[in-house]
Every structure is written in C-alpha cells, then in structure tokens.
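Asker: okay, sequence plus prediction incoming.
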Number of protein chains: 2
Amino acid sequence: MKIEDITFNENGLVPAIVQDEQTGNVLMLAYMNEEALTKTIETKETWFYSRSREELWNKGATSGNRQMVKRLSYDCDQDTILVQVEPMGPACHTGEETCFFQTVFEEEMPNRQIVYDVMASIQNRRNN
Amino acid sequence: MKIEDITFNENGLVPAIVQDEQTGNVLMLAYMNEEALTKTIETKETWFYSRSREELWNKGATSGNRQMVKRLSYDCDQDTILVQVEPMGPACHTGEETCFFQTVFEEEMPNRQIVYDVMASIQNRRNN
C-alpha cells in the first residue's frame, strides 16, 4: 500500500477500527489523517487525529495504555483502516477494555468468546 | 438505548462496524442514518445508508448475503455502532469474506484464528 492509495474524507481523515488481535474484540473507532497513518506504520503504535482537540495523539502516551500494532489492513474501497493490536491496557477512557461496552441487544454469547475463555483457563492452569 | 442518544454526524450518519460474531473477523464498515439504525434493530438484519447512491439499502437483499444481527452495541461517546452478525455469505462485493483483505503488514497469525481453525477442524471431523 502507498499512503496515496487511501481515500481520506473531505476533512482529510480516514476511520480506523482498532481490534484486539488475540481476543478479536473490537476496541474503538478513531480517525487518522495522513500523518497519523504514517506514524502508525513507522512506529507500530497507534496514532490518531483528535477531531475535538484538533491535534495528533499517540494512544497511551499519557495513560500508558499503548496499542502495539500487529497487523494493518484496509478495505476494498480503501476508505477504512483496520488495525489489529496488542493492547497494553484498556482502550476506553472509562477504564473499560473496549469502548463498545453498551449493548442494545444480544442474543447469546458468541462461541469464539467461550473458546477463548476455555483456552485462557487451560493456559492459566498450566502456568499456576 | 434510545435512537436520540446516538450522535449522528453533520451528514446525519453514524459509522457502523460489522463483525462476524463467531470468527471475530471484522467484515466491513458502513454508515447508518436514523432510519437504517431503526430498521436494523427492528428487523435484526443490517440496513445502511449508501453515501454514493444516496439511498437506504438492506445488505444482501439482492445478493442473498444477508447479515443476521446477533448483538448491537455502541461506543462510549455514542458516535459509532458495532453490529455483530451471522453472515449468510461474503460481506465484500468482490466475493471476499471480509472487505479488509488487503494487508499492509502482519507480524504473525493471531492465536484466536489458530484456535478457531482447530475448533472448526475438530467439529468437522466429529461431523464427518
């Protein structure tokens, strides 16, 4: 990918979905400008552009909750980024692991969560 | 959640991340207006607003690749929706399972994918 291939919107931004690469949980959505995307690729940590503060920010620089980038992809029409990360702490400013902690409705617990919990539990028993 | 709690942007839209609830794969990002969000909650299928065609669309209505909504969440600042679905077919118009099939870089295969593949393989052997 070249940065030029990405379509930034009328404000010079592209939405970036951040996902925990291990659990698969979607952590947050934030926006990158060209500089934030470049810095993310260069440093392998997430950088975004804050629309409210109108400035670049390195996620976790002050809180310590950095996100180490394991994989970076973009979608078919090249106007959305997917960043898969290893999070060093909660993604949300509320202290929640993910910003998507408010659920409107839910049918059942997804199998992948059950599978992940079982594997984590096995690993835990092996270690302790 | 009340629809009124959601912050729609200056174009009356809110970004919606669509995720496969079983594999955890992020499938696509699309936009909902108030009507699309209402219809998604009511019908438990995904509805979006097409910015290029300037019309409401029910994902899969023509292709058959519908997305059955299993869980709908929103983020801490109430300006992004997360829809976890059971997809009836590929999410991408290219025929790819996910729109995010173009990878800039990747460190390693995530454990959850390995775990999911192993479980799928065990299930497959049990069934056949």
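Answerer: All right, it came through fine.
Asker: spatially central residue in chain A, please.
Answerer: In chain A, the residue lying closest to the centroid (Cα atoms, centre = their mean) is residue A:18, at 1.7 Å.
Asker: quick one: low-confidence parts of chain A?
Answerer: Where chain A drops to pLDDT under 70, the residues are A:1, A:108-119, A:121-122, A:128.
Asker: please name the nearest non-neighbouring residue to whichever residue of chain A sits closest to chain B.
Answerer: Going by Cβ to the nearest Cβ, chain B is nearest to residue A:24 of chain A, at 2.6 Å. Just so you know, the C-beta spots here come from the backbone N, C-alpha and C atoms, and that holds for glycine as well. Of all residues not flanking residue A:24 in the chain, residue B:24 sits nearest, at 2.6 Å (Cβ to Cβ, 6 or more residues apart in numbering or on different chains).
Asker: which strand or helix spans that neighbour?
Answerer: Using DSSP states H and E, residue B:24 sits within no helix or strand.
Asker: tell me, how many neighbours does it end up with?
Answerer: By other Cβ atoms under 10 Å in any protein chain shown, 26 other residues sit near residue B:24.
Asker: quick one: it and residue A:20 touch, right?
Answerer: No - look at residue B:24 against residue A:20 with Cβ atoms under 8 Å: they stay out of range, at 9.1 Å.
Asker: might you report the residue contacts of the residue nearest to the centre of chain A?
Answerer: By Cβ atoms under 8 Å, 6 or more residues apart in numbering or on different chains, residue A:18 lies in contact with A:26, A:27, A:28, A:29, A:30, A:46, A:67, A:83, A:85, A:91.
Asker: what residues are up against the residue nearest to residue A:77 when sequence neighbours are not counted?
Answerer: Spatially, and ignoring its direct neighbours in sequence, residue A:77 is nearest to residue A:7 (7.1 Å; Cβ to Cβ, 6+ apart). Residue A:7 makes contact with A:14, A:77, A:78, A:79 under the criterion Cβ under 8 Å, 6+ apart.
Asker: ok so, going back, for the residue nearest to the centre of chain A, what are phi and psi?
Answerer: phi -110, psi 130 (degrees, to the nearest 10).
Asker: in the sheet, who's paired with it?
Answerer: In this entry, residue A:18 is beta-bridged to residue A:28, residue A:83, by DSSP bridges.
Asker: follow-up on the earlier one: any idea how far the residue nearest to residue A:24 is from residue B:65?
Answerer: Distance, residue B:24 to residue B:65, by Cβ to Cβ, to the nearest Å: 19 Å.
Asker: same check, this time on residue A:36
Answerer: In terms of Cβ to Cβ, residue A:36 sits 33 Å off from residue B:65.
Asker: neighbour count winner among these two?
Answerer: Neighbour count, other Cβ under 10 Å: between residue A:36 and residue B:65, residue A:36 has more, with 23 against 16.
Asker: distance of that one relative to residue A:96?
Answerer: The separation that residue A:36 has from residue A:96, given Cβ to Cβ, amounts to 23 Å.
Asker: then residue A:23?
Answerer: Distance from residue A:23 to residue A:96, by Cβ to Cβ: 14 Å.
Asker: and those two? Which one has more around it.
Answerer: A direct count of neighbours by other Cβ under 10 Å for residue A:23 and residue A:96 places residue A:23 higher, at 20 against 15.
Asker: ok, now which ones touch the closest residue to residue A:5 other than its chain neighbours?
Answerer: Excluding the flanking residues, the one nearest residue A:5 by Cβ to Cβ, 6+ apart is residue A:78, at 5.7 Å. Residue A:78 sits next to A:5, A:6, A:7, B:102 when contact means Cβ under 8 Å, 6+ apart.
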